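Asks: sharing a model prediction with you, sequence too.
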Amino acid sequence: MKCGLNRIVLAVAGLAVLCAGCEPKPAVFDMAAIDGVHKLLVFPLASSHDPSAGPITSGMISARLATARYERFHIVEAPALWRLAGGSPGEVPKATAVQIARQMGAQAALTGAVGYAIALDKKLNYPGAAITTKDPMAHQRLRDFAARKGDIQVRLRIISAATGKDIYVHSAKADGLGESKLIRKATEKVLKPLEKYLRNSKNKRKEPKDEKK
């Protein structure tokens, strides 16, 4: 009886470990359509709480994809184009994104939104507390800044300029201290499946060249 119970406990523990490493898959991931994208137009992401969070996130996305230098995958940022088109701070409408992408000769457009909630952790033991005790205002400012806990979600959408259909839709969350750190963490998560595919595709294209050498 004990042996059977031990096996069940071990099995449950094993499943827990496996699930801990599981990450949600993209809602939409059209790999064939992604293969046809050579120029991607990146629009500023929307953010209802802080207008700067969207452009910061889209900038991180552009930087990650551009720095990786994925073969035949050129990144073009479109904040100026969006402003010239009279764009609002909200998420770029799909039809508008597709239209501008076509005009720019891009095969796809990237849009999305950043949502987050900020709370103060009053129990946080933050650095510099002793130094600011003599200045109540400085003490409060430092405490409020250090205690800002965030819950951030990035929702990403890549739309085909040819069909107007979604070819990559994914969301990711991050929580903890440090807003910029959380945005970076959520950005990494939301791009992870796409980057993995692009990296593998890049390596596959290199294999025939290496064999010829």
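Replies: Now that the structure is in, tell me what you want to look at.

Asks: for the spatially closest residue to residue 164 that is not a sequence neighbour, give me its contacts.
Replies: Spatial nearest neighbour of residue 164, excluding adjacent residues (Cβ to Cβ, 6 or more residues apart in numbering): residue 98 at 5.0 Å. In this view, the C-beta of every residue, glycine as well, is placed from N, C-alpha and C. Contact analysis of residue 98 by Cβ atoms under 8 Å, 6 or more residues apart in numbering lists 109, 159, 160, 161, 164.

Asks: residue contacts, residue 186?
Replies: 57, 114, 152, 153, 154, 172, 173, 174.

Asks: now do the SS call for the fifth one.
Replies: In this case it means residue 154. strand (DSSP: H, G, I helix; E, B strand; the rest coil).

Asks: what segments of this structure are helices?
Replies: 2-20, 31-35, 53-68, 79-84, 94-103, 129-132, 136-146, 179-212 (DSSP state H).

Asks: average pLDDT across the shortest one?
Replies: Per-residue pLDDT values over helix 129-132 give a mean of 48.

Asks: residue contacts, residue 175?
Replies: If you count contacts by Cβ under 8 Å, 6+ apart, then residue 175 has 149, 150, 151, 152, 182 around it.

Asks: partners of the second one in the sheet?
Replies: When bridges are assigned using DSSP bridges, the partners listed for residue 150 are residue 118, residue 176.

Asks: and the gap between it and residue 115?
Replies: To residue 115, residue 150 is 11 Å away according to Cβ to Cβ, to the nearest Å.

Asks: end to end, how far does stretch 73-93 reach?
Replies: Using Cα to Cα, to the nearest Å, the gap from the first to the last residue of stretch 73-93 comes to 23 Å.

Asks: which intervals of the chain have sub-threshold pLDDT?
Replies: 1-22, 72, 79-89, 118-149, 205-213 (pLDDT under 70).

Asks: repeat that with 50
Replies: 1-2, 5-21, 126-132, 142, 145-146, 210-213 (pLDDT under 50).

Asks: among the contacts of residue 98, name the buried ones.
Replies: Neighbour-count burial (16 or more other Cβ atoms under 10 Å) applied to the contacts of residue 98 gives 109, 159, 160, 161.

Asks: tell me which of those residues fall in strands.
Replies: Using DSSP state E, 109, 159, 160 are the members of those that sit in strands.

Asks: TSV for these, including distance to residue 102?
Replies: Below are those laid out as TSV (distance: Cβ to Cβ, whole Å):
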residue	distance to residue 102
109	9
159	11
160	10
